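Student: Pasted the sequence and its predicted model underneath.
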Protein chains: 2
Amino acid sequence: MNIGQAARASGVSAKMIRYYEQTGLIPPAGRRDSGYRDYSSEDVHMLRFVRRARDLGFSMAAINELLDLWRDRSRRSADVKRVATAHMIELRERIAHLSQMVATLQTLVDCCSGDHRPDCPILADLEEPAEEHPRKHPSGALQRPNPRP
Amino acid sequence: MNIGQAARASGVSAKMIRYYEQTGLIPPAGRRDSGYRDYSSEDVHMLRFVRRARDLGFSMAAINELLDLWRDRSRRSADVKRVATAHMIELRERIAHLSQMVATLQTLVDCCSGDHRPDCPILADLEEPAEEHPRKHPSGALQRPNPRP
DNA sequence: CCTTGACCTTCCAACGATGGGAAGCCCCAT
DNA sequence: ATGGGGCTTCCCATCGTTGGAAGGTCAAGG
């Protein structure tokens, strides 16, 4: 099976298959006399594994671990769970980070009239950020950053 | 004011200041006789603007637009709002993407016993993804992907 | 004056994962 | 045998940021 066929069968592009091989994520494929790489259905199986892990956002380093665990019949499922949980925690952190950005942007966008006039609270905030430091120990009065007019 | 001082005053690293200048995001700084870049408080102000925009996740292309609008006294706030809204939509899409990953991972992690045994639904899913195609037009019965035992 | 250490300059490389493309060889069908 | 498509390797680009090397500059202290 050529690399193109393996690519179509696995959903991993030929480019990426070569890259994964080059970086050692997957073992070097066998070669025909012509120099063409040759893939078995097991190889495709492995590529689909990698593809699925990529779709779930695992880094190549994590996929490396997962592949090792996959091949290790005496693995402990706890090890797999640890890798997946760590990844999930990182994803949640990224989501929290993005959500914070979105929340701030939404506030600013809500405050912007969005018309022909130049006055814009969005630019005003970029220029001089409002001190929205949500205190972990709120000692003062609750702030109303977005009072509806 | 040297680049290091401007960096500390703006929160943008000296490396990035040079990079922003090189790519045309910010105008070239003035130079002393020694060749050192020289920054005014207005330059720092602009750098703080860029920093804040970066913190909100804007791409450099978007920051370029925002800087132009910032400098344009006859801007229409609608244009600023459009840039911010487009960015917010993209952030929301990224959040949705990550959330989908997290949801799948959470399901898998919940199903994994995480002990010394090798059986692992996480690896099983990576190997052969469960066909969880949530239909946009659910014609059949609701699926129960995670029935509590 | 000279040294020393901190600072500045430019240039080059790397990260992570992927895409694009060029130059050249191989395979298969007409 | 010829054409077209697939394969090979190699290089470059992305995006924003960091790191380092080699060399010039500044300021303080001996």
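Tutor: Thanks, I have it. Please read these numbers as outputs of a predicted model, since none were measured by experiment. Numbers count the residues shown, from 1 in each chain, chains lettered A, B, ... in the order given.
Student: Name the nearest residue to the residue in chain A positioned nearest to DNA strand D, ignoring sequence neighbours.
Tutor: Nearest residue of chain A to DNA strand D (C-beta to the nearest atom of the strand) works out as A:Gly4 at 2.5 Å. C-beta: built from backbone N, CA, C; applies to glycine. The shortest distance from A:Gly4 to any non-neighbouring residue, by C-beta to C-beta, 6 or more residues apart in numbering or on different chains, is to A:Ala14 (5.7 Å).
Student: With A:Arg37 instead?
Tutor: Among residues not flanking A:Arg37 along the chain, A:Ala29 sits closest, at 4.0 Å (C-beta to C-beta, 6+ apart).
Student: Stretch A:85-96 near DNA strand C anywhere?
Tutor: No - judged by C-beta under 7 Å from any atom of the strand, stretch A:85-96 makes no contact with DNA strand C; its nearest approach is 10.7 Å.
Student: Close to DNA strand D: what parts of chain A are there?
Tutor: Selection of chain A residues close to DNA strand D by C-beta under 7 Å from any atom of the strand yields A:Asn2, A:Ile3, A:Gly4, A:Gln5, A:Ala7, A:Ala14, A:Arg18, A:Ala29, A:Gly35, A:Tyr36, A:Arg37.
Student: is it true that the fourth one touches A:Tyr39?
Tutor: Read it as A:Gln5. Yes - contact criterion C-beta atoms under 8 Å: A:Gln5 and A:Tyr39 qualify, at 7.4 Å.
Student: Looking at these two, which one has more neighbours?
Tutor: Neighbour tally, A:Gln5 and A:Tyr39, criterion other C-beta atoms under 10 Å in any protein chain shown: the higher count belongs to A:Tyr39, 22 against 12.
Student: Tell me the spacing between the residue of chain A closest to DNA strand D and DNA strand C.
Tutor: According to C-beta to the nearest atom of the strand, to the nearest Å, A:Gly4 stands 12 Å off from DNA strand C.
Student: One more: A:Leu91?
Tutor: From A:Leu91 across to DNA strand C, the span is 13 Å (C-beta to the nearest atom of the strand).
Student: what number of residues lie near A:Leu123?
Tutor: The burial count for A:Leu123: 22, using other C-beta under 10 Å.
Student: Same check on A:Ile26?
Tutor: 20.
Student: three-state assignment of it?
Tutor: Here A:Ile26 is recorded as coil under DSSP: H, G, I helix; E, B strand; the rest coil.
Student: low pLDDT regions in chain A?
Tutor: Chain A contains residues with pLDDT under 70 at A:131-149.
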